[in-house]
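In: Any chance you can model this:
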Amino acid sequence: MTTTALGARRERRRDPRRHYPMWFYLPAAAVYGVLFIVPTIASLYFAFTRWNLAGAEFIGLENFALFFREPYLFQGLVNTLVYGALTSGLKVVLGLLLGVFLTSQIIARGYLRSVVFFPVLVSTVGVGVTFAVLMDPADGLVNRSLALLGVDGPGWLTDPNLALVSVALVDVWKGVGLATLIYIAGIVAIPQELFESAKVDGASGYQNLRYVILPLLWPATSTVIVLSLIGGLRSFDLIWTMTQGGPGFTSDVVASVIFKQYQAGFWGLSSAGNVVLFLLVSAVMVPLYWLMGRKEVER
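Out: Model prediction:
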């Protein structure tokens, strides 16, 4: 046997695919197909029908035409983009600052990390119900605390100009822990030799942040942007439990508009709305993901 053939035989022995046949993937593939692929295809089909439990009638693009004639759809689209941009931007900034702070030499660092991450583990619906009570303009703890300081608290969830922003701030409070965790992992992975070299060169804390940490944290930053922006554009449960799109339609997003159509019995119309929401998220995320990947390659 030649040396080349012997080496190839050894490589085949080390190849994990020889020890884990493809049929090992079938259980996971079956679960993924039943829970994701089949509902996605069904939703796409029902978007072109007028359907209920009795049956479905194919009507072509009529559902999409009706959906885009929804009087408050444009406001929902604007609110969706504003909500996604606001929540993702704040999570990036606060997550970075908390990540830098929680990797410094401070007392009770592990405990503080747990405190920051804890809201991520709490149910979103539970958070929404809790903050809806806390932000009640008459009896909420937030306005009562402000009253002790002589400040007349606003209607956080009843003022049309504040409702969407109030929900976005609660979303940031709940989700910033995950962004912080990603940044902590990125900072810990930076070689300590770089910080030691910067210290020898007399770099200040700001210069360390500007010229060492921020450039090397770009993969973490791009991950936080993608995750938080997708979550913001698709957000529904927190908004619904806190405001139900109100007051009026001022805090409606595309997902809540779709749910209201479903509640009214327009199931085909809501299926078309789901397709529109998918296309909206894709239209925002695909170019953004490409640009961030290109920037990472340039670095």
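In: Quick check, pLDDT for His19.
Out: Per-residue confidence at His19 stands at 59 (pLDDT).
In: scratch that, Gly140 is what I was asking about
Out: Value for Gly140, per-residue pLDDT: 87.
In: Got the confidence number for the residue nearest to it when sequence neighbours are not counted?
Out: Distances taken as C-beta to C-beta, 6 or more residues apart in numbering put Leu134 closest to Gly140, at 5.2 Å, once the chain neighbours are dropped. The way it works is simple: take the backbone N, C-alpha and C, and place the C-beta from them, glycine included. Predicted confidence (pLDDT) for Leu134: 92.
In: List the contacts of Leu134.
Out: Counting by C-beta atoms under 8 Å, 6 or more residues apart in numbering, Leu134 touches 140-142.
In: same question, Tyr211
Out: Contacts of Tyr211 (C-beta under 8 Å, 6+ apart): 198, 203.
In: mind checking the SS state of Ala56?
Out: strand (DSSP: H, G, I helix; E, B strand; the rest coil).
In: List the residues that contact the residue nearest to it when sequence neighbours are not counted.
Out: Of all residues not flanking Ala56 in the chain, Thr49 sits nearest, at 4.1 Å (C-beta to C-beta, 6+ apart). Thr49 is in contact with 56-59, 63, 268, 271, counting by C-beta under 8 Å, 6+ apart.
In: Residue ranges in the stretch 151-299 of the chain under the pLDDT threshold?
Out: Scanning the stretch 151-299 of the chain for pLDDT under 70 picks out 295-299.
In: among the contacts of Leu134, which ones are buried?
Out: Applying 16 or more other C-beta atoms under 10 Å to the contacts of Leu134, the neighbour count classes 140, 142 as buried.
In: Could you list which of the contacts of Leu134 belong to helices?
Out: With DSSP state H as the criterion, helices contain 141-142 from among the contacts of Leu134.
In: ok, so of the contacts of Leu134, who is nearest Val93?
Out: Val142 (22.8 Å; C-beta to C-beta).
In: Who are the contact partners of that closest one?
Out: Contacts here follow C-beta under 8 Å, 6+ apart; on that basis Val142 touches 134-135, 153, 156.
In: With distance to Ser256 and secondary structure added, can I get those residues in TSV?
Out: Output for the contacts of Val142, formatted as TSV (distance: C-beta to C-beta, whole Å; DSSP: H, G, I helix; E, B strand; the rest coil):
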residue	distance to Ser256	secondary structure
Leu134	21	helix
Met135	18	coil
Gly153	25	coil
Trp156	18	coil
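In: Buried ones in stretch 46-61, by neighbour count?
Out: Buried-residue list, stretch 46-61, by 16+ other C-beta under 10 Å: 46-51.
In: Then stretch 146-164?
Out: Within stretch 146-164, the residues that qualify as buried are 153-158, 162-164, counting by 16+ other C-beta under 10 Å.
In: Restricted to strands, list the buried residues of stretch 46-61.
Out: 49-51 (DSSP state E).
In: need these in TSV with pLDDT and distance to Pro191, can you?
Out: Shown next, in TSV, are these (pLDDT from 0 to 100; distance: C-beta to C-beta, whole Å):
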residue	pLDDT	distance to Pro191
Thr49	86	58
Arg50	83	61
Trp51	78	58
